[in-house]
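# Here's my sequence, what's the structure:
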Amino acid sequence: MLPWRRALIPLTALLLTAAAALFPAVTATAAPAADARPGSGWNDYTCKPSAAHPRPVVLVHGTFGNSVDNWLGLAPYLKNRGYCVFSLDYGRLPGVPLFHGLGPVEKSAEQLAAHVDKVLAATGAAETDLVGHSQGGMMPRYYLKFLGGAAKVNALVGIAPSNHGTTLSGLTRLLPYFPGVEDLLNEHTPALADQVVGSGLLTKLNAGGDTVPGVRYTVLATKYDEVVTPYRSQFLDGPGVRNVLLQDLCPLDLSEHLAIGLFDRIAFHEVTNALDPAHATPTTCASVFG
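Numbers count the residues shown, from 1 in each chain. Next comes the predicted model:
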């Protein structure tokens, strides 16, 4: 095999992993919701939070995800338990339909801020809770830290979040060996570049501490995560933080990066515990039947 072809193998692996696996996949036929999708069960702006669940929940999708496909499992799960549930599309790039979460994280955080304001205005609630998968678990921290979000958010639940970046199991370490590739990622998919370990965005975000006062943080991780690696980089340090490894709750849980956010009911049970800790119940392997 020619040397340049040997070099292309790891490069192709890097780009395909980023494009195909870096955060939730979407189906080819599904279309992202506008603000309200009739019959979806969520994004109902007439929903008024109950005394039992006084804060609306805003779901924040991951890279390459959208406001519908990322939440076909969790949104109905929460809605059926009495929560007002909302989701948004963010980080759209011109000419790229369906696949979102690709724009600069700072700009995506501004879009989240506007969406939270809209949800609070519609529901009359003073605060919201945020639940995000992958980039969607990390990006809200920019909103909390730099855009005034801490005054409007009670809790952030990150499902496999890219809090301290990812090496994609070491593949991102190949970038310096391929001149121009990092510039290409920055130019065309800024969110991917922002999530590489050591990026300027993550350096800024994590400087001075992982958390801000007044917000409760929960991180749900799986040791089988093949995208945000190493998985312990997802965990946060600081007051008001609870880091959870699903396999400590159920050793039989084999969920990887996508499954933990898309359909893992053990993770879903822990989300409800994080949203309502006063009524939390033990999470076990049996929670899959809950």
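
# Heading C-terminal from the worst-scoring helix or strand of the chain on mean pLDDT, find the next helix or strand.
Ranked by mean pLDDT, DSSP states H and E, the weakest helix or strand in the chain is helix 3-16, scoring a mean of 38. Toward the C-terminus, helix 3-16 is succeeded by strand 57-60 as the next helix or strand (DSSP states H and E).

# what packs against that next one?
Secondary-structure packing of strand 57-60 (3 or more C-beta pairs under 8 Å, 6 or more residues apart in numbering; DSSP states H and E): helix 74-79, strand 85-88, helix 105-123, strand 128-133, helix 135-146. No exception for glycine: its C-beta is placed from N, CA and C like everyone else's.

# repeat that for 10 Å
helix 74-79, strand 85-88, helix 105-123, strand 128-133, helix 135-146, strand 153-159, helix 265-275 (3 or more C-beta pairs under 10 Å, 6 or more residues apart in numbering; DSSP states H and E).

# For the stretch 101-250 of the chain, which residues score under the pLDDT cut-off?
181, 184 (pLDDT under 70).

# Can you report how many residues lie near the nearest residue to Val85 once chain neighbours are set aside?
Leaving aside its sequence neighbours, Val85 sits nearest to Trp42 (C-beta to C-beta, 6 or more residues apart in numbering; 3.9 Å). Residues contacting Trp42 under the criterion other C-beta atoms under 10 Å number 23.

# Do I have it right that Trp42 meets Gly73?
No - contact criterion C-beta atoms under 10 Å: Trp42 and Gly73 do not qualify, at 11.8 Å.

# Export the helices and strands packed on strand 57-60 to TSV and append columns for mean neighbour count and distance to Val212.
TSV is the format used below for the helices and strands packed on strand 57-60 (neighbours: other C-beta atoms under 10 Å; distance: least, C-beta to C-beta, whole Å):
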stretch	mean neighbour count	distance to Val212
helix 74-79	20	24
strand 85-88	26	21
helix 105-123	19	13
strand 128-133	27	13
helix 135-146	27	5
strand 153-159	26	9
helix 265-275	23	17
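
# Now tabulate the ones you listed in TSV and tack on distance to Gly95.
Shown next, in TSV, are these (distance: least, C-beta to C-beta, whole Å):
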stretch	distance to Gly95
helix 74-79	28
strand 85-88	20
helix 105-123	17
strand 128-133	25
helix 135-146	20
strand 153-159	29
helix 265-275	34
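
# Thank you kindly, that will do.
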